[in-house]
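Participant: I would like to see how this sequence folds:
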Amino acid sequence: LSDSNNGKYFKYAIGEIILVVIGILIALQINNWNENRKKTKIGTQYLTEMRFELQNDINQLDFYINDLKKSIKNQEAALNTKDISKLSIDSLSMIITTINLDFKISELTFTKMNNLGITSLSNNDSLNLKITEYYNSDVVRLKLSMNYIFNDLVKRTDFYIYDQNKIDMNYAYSDQKFSSLHNQSEKEFKNEQRTNLIDFIQSINGRNIVQYDLGGKEYSLSVLNGFKQRTTTLLKIVYDELKINDSRLEPLPSFQSENE
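Facilitator: The predicted model follows:
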């Protein structure tokens, strides 16, 4: 080949290489775009699922928070009565009534993420970090607290059933069926239970148990209020992220404030 032909073929080869490189780059770009689109779709799907899980968790927390507030209020009112011997059997029973905080925070979406090896749900690094901190730190601490509270509940329940000998735990269902077991009329049965309740509450051991139970409820209320605040914060951040991709997203429901 002549020198001129060598130059032409060299230029042609360079052009071919450039075209191939450009083609590869375009293919990679399209592939990256498709992958990002898939990740965005999956991220949006999981964020949507997480949003509704968080909303349901807050509703559940509100239920138990309200139950605790009501129990604490009734218990304190009964305890502050000048003469508890004048209280009805229902009011007396409120003093020793415990609450079972039997609920679990939903971790379904976060568990699915971990099982699939997904470490982020969006390009928002702050959101991804808060999700990880919430489930790996806040939820873990709540579980530990709930386990501690539940163990205390078991101890008090065992005490009422096995250790004390004043209160017949059937008093809460004191009708003819139970009073007949004691060869008493229903009125006699209720009067005896009322007397036993008063004696127990006025005893040193009884007062200690009641005060400990009240302190446990106040601790539980503090734990649930704090966790609800963190859950609400994460929910709002997740919602704002979803709102970016869907401006028509239905608004978040209003939740009960801590002071209500």
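Participant: for Ser120, which three-state class applies?
Facilitator: Reduced to three states with DSSP: H, G, I helix; E, B strand; the rest coil, the structure at Ser120 is coil.
Participant: contacts only, for it.
Facilitator: Shown in contact with Ser120 (Cβ atoms under 8 Å, 6 or more residues apart in numbering): 43, 128. (Each C-beta comes from the backbone N, C-alpha and C, glycine too.)
Participant: the bottom helix or strand of the chain by mean pLDDT?
Facilitator: Within the chain, no helix or strand scores below helix 176-179, which has a mean of 52 by mean pLDDT, DSSP states H and E.
Participant: packing partners for whichever helix or strand comes after that helix?
Facilitator: Sequence order places helix 186-202 as the next helix or strand after helix 176-179, per DSSP states H and E. Packing partners of helix 186-202 (3 or more Cβ pairs under 8 Å, 6 or more residues apart in numbering; DSSP states H and E): helix 89-96, helix 176-179, helix 204-245.
Participant: tell me the mean pLDDT over the next helix-or-strand element following the first one?
Facilitator: Taking DSSP H and E as the definition, the helix or strand that follows helix 89-96 towards the C-terminus is helix 108-115. Per-residue pLDDT values over helix 108-115 give a mean of 92.
Participant: which other helices and strands contact helix 108-115?
Facilitator: Using 3+ Cβ pairs under 8 Å, 6+ apart, the elements in contact with helix 108-115 are helix 3-79.
Participant: mind giving me the packing neighbours of the helix it packs on?
Facilitator: Here helix 3-79 touches helix 89-96, helix 108-115, helix 204-245, going by 3+ Cβ pairs under 8 Å, 6+ apart.
Participant: about what we covered before: and among the helices and strands packed on helix 186-202, the most buried is which?
Facilitator: When you average the neighbours per residue for each of these (mean count of other Cβ atoms under 10 Å), helix 89-96 leads with a mean of 19.
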